[in-house]
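# Please work out how this folds:
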Amino acid sequence: MVSNSQPIKAANFGTYTNDEIPIRDAYVLTSGERYYLFGTVGTEAFGTLAKSGFQVYVGTDLETWEGPYTAFANDGTSWATWRYWAPEVYEINGSFYLFAGWSHPSVEQRLCVLKAKNPLGPYEILNADIGPGNDPTLYEKDGRYYLLYNDPDGLRTGEHYKPGMYCNELTDDLSRFRSPRKWVFDATEKELTLGIVCRMPEGWETYTTPTGRLIVMWSGRTSNGNWYASSLAYFDEGLDGKISFSNEFFTPFNMGHNNFFYSIDGSRLMMATHYPDNDHPHPAFLPVNYDAEKDSLTVDTKGFMEKYGAEYLQTFADYTPMSRAEAEAEAK
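Presented below is the predicted three-dimensional model:
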């Protein structure tokens, strides 16, 4: 049963610009005539006190936001008490579904789904434990929904994550898995030549081109410099088709875990991200262009460089990322 109660303003409710909002894994839902900004609360993302739940801001111009509203705060109804990470929200049949990861100091990160009648919430738990995982994103094909995610098993104990991207088909009510999980790929694929530190790609996002080609955007860290960045994987027939890789970084460095969304008028494909990837991240938004000749996407960095170029170039003017072969040779 989804509550019909009114949205809840957080204690620090106000009007903020992008640079004033501490957020990681920025995610924008476009609904009606407004943008709704979700994400991991940046100031608490990795600490043991990260118990604030999920928050959301609302705006119309991607510059100024009203909020935060408390999308979800644990009142004791959930076993999960920390690491409320990477929420994504989808409007389906008049309801809003929030997928995310959360955990407890004694439990590994698990996937959850919450539901509301209003994009601002409050959201109520539909399933507090779909299964192990993090960074979920929803993919729809032919009326069937699939959840893509990674599996940070070992995060609690400091061991290495389980490598790879996984997916499961969801039940019709989106509350649980219909089928066993399927391994999709990790960063050891022989066709993938980018120098990536961790085998576990993360921060999934999907886009289907006008020709029906599925593009999966994913994030990782460079082998030299350990900078956060993103790349693209291509699927010929949805998640079941042959995989190929762009083998190029899709975004500028020091940002990642992005999402695609359309402008309010539907005319412009955009990307939400967090920048910089440090202790003081904030949301940033870049236009995305479709290249019909290559049947692929490119990011328009002009506006980003006009605003942040001076500080960006201080770090990256002379930076050249290693290929996988170069990184492996250096490791020897």
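# contacting residues around the closest residue to residue 165 other than its chain neighbours?
In this structure, residue 165 finds its nearest non-sequential neighbour in residue 184, 4.3 Å apart by CB to CB, 6 or more residues apart in numbering. From N, CA and C alone the C-beta is placed, and that goes for glycine too. Residues near residue 184 by CB atoms under 8 Å, 6 or more residues apart in numbering: 148, 164-167, 239, 243.
# In three-state terms, label residue 184 for me.
strand (DSSP: H, G, I helix; E, B strand; the rest coil).
# can you tell me how far it sits from residue 243?
8 Å (CB to CB, to the nearest Å).
# Check residue 249 too.
18 Å.
# Comparing the two, which residue is more hemmed in?
residue 249 (19 against 16; other CB atoms under 10 Å).
# what pLDDT does the nearest residue to that one once chain neighbours are set aside get?
Residue nearest to residue 249 in three dimensions, not counting chain neighbours: residue 229, with 4.6 Å by CB to CB, 6+ apart. Listed pLDDT for residue 229 reads 95.
# Beta-bridge partners for residue 229, please?
Judged by DSSP bridges, the bridge partners of residue 229 are residue 220.
# who touches it in this structure?
Residue 229 neighbours (CB under 8 Å, 6+ apart): 219-222, 249-256, 321.
# cool, residue 177 as well?
Contacts of residue 177 were listed using CB under 8 Å, 6+ apart, and they are 130-131, 147, 168-171.
# pLDDT below threshold where in the stretch 1-150 of the chain?
1-4, 42-52 (pLDDT under 70).
# Equivalent analysis for the stretch 201-332 of the chain, please.
For the stretch 201-332 of the chain (pLDDT under 70), the answer is none.
# repeat that for 80
241, 332 (pLDDT under 80).
# And the strands in it, which stretches?
202-208, 214-221, 228-239, 243-249, 256-262, 269-275, 282-291, 296-299 (DSSP state E, counting those that start in this stretch).
# So for residue 97, which of those sits nearest?
strand 256-262 (14.8 Å; CB to CB).
# can you dump the C-alpha coordinates of that closest one into PDB?
C-alpha atoms of strand 256-262 as PDB (Å, rounded to 0.1, in the frame of the first residue of the first chain):
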ATOM      1  CA  GLY A 256      31.200   9.100 -13.200                       C
ATOM      2  CA  HIS A 257      28.200   7.000 -12.300                       C
ATOM      3  CA  ASN A 258      26.000   9.000 -14.700                       C
ATOM      4  CA  ASN A 259      22.500   8.800 -16.000                       C
ATOM      5  CA  PHE A 260      20.700   9.800 -19.200                       C
ATOM      6  CA  PHE A 261      17.500  11.900 -19.100                       C
ATOM      7  CA  TYR A 262      15.600  14.200 -21.500                       C
END
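# Redo the strands of the stretch 201-332 of the chain as TSV? Include distance to residue 109.
Formatted as TSV, the strands of the stretch 201-332 of the chain follow (distance: least, CB to CB, whole Å):
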stretch	distance to residue 109
strand 202-208	11
strand 214-221	16
strand 228-239	19
strand 243-249	25
strand 256-262	15
strand 269-275	19
strand 282-291	23
strand 296-299	29
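# Let me know which of those is the nearest to residue 98.
Per CB to CB, nearest to residue 98 of the strands of the stretch 201-332 of the chain: strand 256-262, 13.5 Å.
# the inter-axis angle of that closest one versus strand 282-291?
Strand 256-262 runs at 60 degrees relative to strand 282-291, counting by axes from the mean of the first three to the mean of the last three CA atoms, to 10 degrees.
# got the buried residues for strand 256-262?
Applying a neighbour-count criterion of 16 or more other CB atoms under 10 Å, one finds 256-261 buried in strand 256-262.
# need the contact list for the closest residue to residue 297 other than its chain neighbours.
Spatial nearest neighbour of residue 297, excluding adjacent residues (CB to CB, 6+ apart): residue 288 at 5.5 Å. Shown in contact with residue 288 (CB under 8 Å, 6+ apart): 260, 269-271, 297-300.
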